[in-house]
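# Prediction below, plus the sequence it came from.
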Amino acid sequence: MKSEENPEPQEEYILGVDPVELKRLWTQHEVWAEDMRRLVRRAGLGPGMRVLDLGSGPGTTSFELASIVEPHGHVIACDESPACIQDLLQEAKKRGITWVEAHVRRAQDLGIEKGSLDAVYGRWILSWLPDVPLVFEQVSGALRPGGAYILQEYVDWSAMRLLPRSQAFDTAIDACMASWDRGGGTINIAEKVPDLAREAGLDVESFTINARTGWPGSPVWGWLGDFLTSYLARLVRHGHFARDDYESFLVEWKERSLRPESVLIAPVVADVILRKSGT
């Protein structure tokens, strides 16, 4: 288990990397863990493989991958946030996991040996990046022939709805969408994946839609409620969301959480398996 830090200053991640956000990421992963496991196993991930966790965050997905490739496999975790990598290394030490290495690196500058990886996994990473074609080029180069690039990325974030419809909720979602545009990425990046894959020499093996709903007390409700409460407060602090609108959202969310007929439609995610050509 080792760490390599990038000496360049890091831009602030659009969702933040404070302790509250890092804790929220672990809760979020619990909601999506089983979907991830099914997808990576369908892609052929197994013991002994060498895998890159692209945009690892604090290690939520890295440790899932580590549990699949053990005992003789290897996971390389890369994230541009030193706080996330530090969190990951502490957790790896606590768990006694020695077959994970962690690096502070940008996704556009991976520095991975060509043809050295059996698979690359990434969840909700490409949406925030300014040069996604470069990431695909590097991933394709690092994969061995027949290797898999496994992605879970948004295809329609604005599909999020609270039913019955709520003006306070819709206003909050509009604020989030505006913030994604300011961030310089492409929130619905999965729309572009087939073209990006072709240009990088990767074949689309599987492209399926993951559309989820929740209701008060369900994991999806808790996941998105925690995210919106935290992220909208961040937008208020940065002057991108009116405090009155935020307060209206909180009141509405609290009331809807007590109504069993409430339905929450989650952002639509694409579960994708790409395969590098060749044998």
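Received the coordinates, thanks. Numbers count the residues shown, from 1 in each chain.
# what's next to stretch 185-198, contact-wise?
Stretch 185-198 has contacts (CB atoms under 8 Å, 6 or more residues apart in numbering) with 14, 126-130, 132-133, 136, 149, 151, 153-158, 177, 180, 203-204, 207, 269-270, 272, 274. Any C-beta I mention is one placed from the backbone N, CA and C, and that applies to glycine too.
# got it, and stretch 103-116?
3-6, 10, 50, 52, 54-55, 76-82, 85, 122, 125-126, 129-131, 134-135, 138-139, 141-145.
# what does stretch 124-142 give?
With contact meaning CB under 8 Å, 6+ apart, stretch 124-142 is reached by 13-14, 52, 54-55, 107-110, 112-117, 120, 149, 151-154, 157, 180, 183-189, 192, 196-197, 199-202, 276.
# ok, of the residues you listed, which come out buried?
Of the members of the contacts of stretch 124-142, the ones counted as buried by neighbours, 16 or more other CB atoms under 10 Å, are 13, 52, 54-55, 107, 110, 112, 117, 120, 149, 151-154, 157, 180, 183, 185-189, 192, 196-197, 200-202, 276.
# Sort out for me which of those are in strands.
Among those, DSSP state E puts Leu52, Leu54, Leu117, Val120, Tyr149, Leu151, Gln152, Glu153, Tyr154, Leu202, Lys276 in strands.
# Hmm, Leu202 and the last one touching each other?
Yep, that's Lys276 we're talking about. Yes: in this structure Lys276 lies within contact range of Leu202 using CB atoms under 8 Å: 5.7 Å.
# Regarding Ser67, which helix or strand does it belong to?
Following DSSP states H and E, one finds Ser67 within helix 60-69.
# Helix or strand next in line after that helix, which one?
Criterion used, DSSP H and E; the element after helix 60-69 is strand 74-79.
# list the helices and strands that next one packs on?
Packing partners of strand 74-79 (3 or more CB pairs under 8 Å, 6 or more residues apart in numbering; DSSP states H and E): strand 50-54, helix 60-69, helix 82-95, strand 100-104.
# can you tell which of these is closest to Gly225?
For Gly225, the closest of the helices and strands packed on strand 74-79 is helix 60-69, at 18.7 Å, according to CB to CB.
# and the closest one, how far from the chain's centre?
Taking CA atoms, centre = their mean, to the nearest Å, the mean C-alpha location of helix 60-69 is offset from the chain mean by 14 Å.
# what does stretch 102-112 give?
In terms of CA atoms, centre = their mean, the centre of stretch 102-112 is set 16 Å apart from its chain centre.
# End to end on it, go ahead and measure it.
Taking CA to CA, to the nearest Å, the first and last residues of stretch 102-112 lie 13 Å apart.
# Name the spans of the stretch 151-279 of the chain whose pLDDT lies under the cut-off.
For the stretch 151-279 of the chain, applying pLDDT under 70 flags the ranges 279.
# what are the ranges of the helices in the chain?
Using DSSP state H, the helices of the chain run over 19-42, 60-69, 82-95, 132-142, 167-182, 193-199, 219-237, 243-256.
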